[in-house]
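Participant: Test case, fold it:
(one chain, ligands or ions: 1)
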Amino acid sequence: MTLELRDITWRQGGCDILHDITLPFARGNITAIIGPNGAGKSSLLRIASGLSTPTGGRVMLDGRSIATLPARKLARHRAMLTQESEAAGQFLVRQMVMMGAGMAAHTLDIVQQGLLADALVRRVGLEGFAKRQMMTLSGGERQRAHLARVLMQLEVAMTDGTLPGFLLLDEPISAQDPAHQALVLQLARQHARRGGGVAIVLHDLNWAAACADWLVVVHRGTIHAQGPPETVLTQDLACDIFGLRHGCVHRHEKTARPFILPHDNIDEETDRCTSP
Ligand SMILES: Nc1ncnc2c1ncn2[C@@H]1O[C@H](COP(=O)(O)OP(=O)(O)OP(=O)(O)O)[C@@H](O)[C@H]1O
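Facilitator: Down below sits the predicted model:
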């Protein structure tokens, strides 16, 4: 029961943006994808979701190529939160969330959809915002409204007994304060506990190590390392791949998960104006 990238390459503008990517996402797990700017994380997620078509290789959903699935059927089994979700400013939050239901084939009537949308608006911490126009929300509120829309897409499919699908989240906490970062990751964990799969692109290495069952490092278009966070997030990785020359990897005293305290001196003259 997986969503799996098999031997993926993706070529654009004469360059291999992704190459040699074989990666299964398991149901019940959170896979966190980390890597420097431009490494290929979003491209990988877009290919996993079917939003981009690979140049080589296949994406398989429970053993079947997603290229053979009709859009509304595929939408029952995977939903993606992109970084650049449109503002759709004139819509109310509730309308925006209900649009998620329109993506996937389902049997709910409009009243049932409304009840589900209201519940999701509350789950993402937007109680009281249902009748606000999207354009009036703050960046973090808007990001969570889009998260509710994406959750709605999978929830409507689950109402007829379909297994929870794959939730693909591209930097879903980039606009969130610390408490809402935790909320978003808790929602991801809840989805995994119910049996869904989660793949999540994160820049925050500490949240990635804290939330992931499986950590994948993408570097220069390919998978540099993968495994449990304890084995992947090392001092060498922090230095060699992320350029944190003076960062220090510690272990959380309760969870034993690794975390990094970056100690680079920002007053220091640097020759690192670009990604390492
Ligand atoms: N359609 C495209 N045409 C040409 N190049 C592209 C295209 N899409 C992405 N790229 C390039 O592919 C590389 C990987 O992009 P991608 O968005 O996947 O990186 P990322 O790891 O998600 O980066 P970031 O952390 O900055 O969001 C980048 O160098 C980007 O400029």
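Participant: which bits of the stretch 1-150 of the chain sit near the ligand?
Facilitator: With C-beta under 6 Å from any ligand atom as the criterion, the stretch 1-150 of the chain comes near the ligand at residues 12-13, 17, 35, 37-43. Placement of C-beta: from N, CA and C, glycine included.
Participant: Keep only those of the residues you listed that are in strands.
Facilitator: Counted as lying in strands by DSSP state E, out of those, are 12, 17.
Participant: Turn the residues of the stretch 1-150 of the chain next to the ligand into a markdown table, including neighbour count.
Facilitator: Putting those into a markdown table (neighbours: other C-beta atoms under 10 Å) gives the following:
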| residue | neighbour count |
| --- | --- |
| 12 | 11 |
| 13 | 5 |
| 17 | 20 |
| 35 | 24 |
| 37 | 8 |
| 38 | 13 |
| 39 | 23 |
| 40 | 23 |
| 41 | 23 |
| 42 | 20 |
| 43 | 21 |
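Participant: just the residues of the stretch 1-150 of the chain next to the ligand: which has the poorest pLDDT?
Facilitator: Lowest model confidence among these falls on residue 13, which carries 91.
Participant: Secondary structure element holding the residue nearest to the spatial centre of the chain?
Facilitator: Among the residues of the chain, the one closest to the centroid is residue 169, at 1.9 Å (C-alpha atoms, centre = their mean). Using DSSP states H and E, residue 169 sits within strand 166-170.
Participant: quick one: the helix or strand following that strand to chain centroid distance?
Facilitator: Once the chain leaves strand 166-170, the next helix or strand it forms, by DSSP H and E, is helix 178-193. Helix 178-193 sits 11 Å away from the centroid of its parent chain (C-alpha atoms, centre = their mean, to the nearest Å).
Participant: Helix 178-193 - what's its average pLDDT?
Facilitator: On average, helix 178-193 scores 98.
Participant: If you count neighbours, what's buried in it?
Facilitator: 180-181, 183-185, 187-188, 191-192 (16 or more other C-beta atoms under 10 Å).
Participant: restrict those to contacts with the ligand.
Facilitator: Answer for the buried residues of helix 178-193 near the ligand: none qualify (C-beta under 6 Å from any ligand atom).
Participant: how does this protein divide up, domain by domain?
Facilitator: Domain ranges of the chain: 1-77+164-228, 86-161, per automatic domain parsing.
Participant: Could you tell me the least trusted of those?
Facilitator: If these are sorted by mean pLDDT, domain 86-161 sits at the bottom with a mean of 92.
Participant: Figure out how far that one is from the centre of its chain.
Facilitator: 17 Å.
Participant: do the same with stretch 2-17
Facilitator: With C-alpha atoms, centre = their mean, you get 18 Å for stretch 2-17.
Participant: And the helices in the stretch 151-276 of the chain, which stretches?
Facilitator: 178-193, 205-211, 229-232, 235-240 (DSSP state H, counting those that start in this stretch).
Participant: Kindly reformat those helices as JSON lines and extend each row with distance to residue 94.
Facilitator: Conversion of the helices of the stretch 151-276 of the chain to JSON lines gives the following (distance: least, C-beta to C-beta, whole Å):
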{"stretch": "helix 178-193", "distance to residue 94": "18"}
{"stretch": "helix 205-211", "distance to residue 94": "28"}
{"stretch": "helix 229-232", "distance to residue 94": "37"}
{"stretch": "helix 235-240", "distance to residue 94": "43"}
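Participant: So which of the buried residues of helix 178-193 is the closest to residue 115?
Facilitator: Nearest to residue 115 among the buried residues of helix 178-193 is residue 187, at 18.5 Å by C-beta to C-beta.
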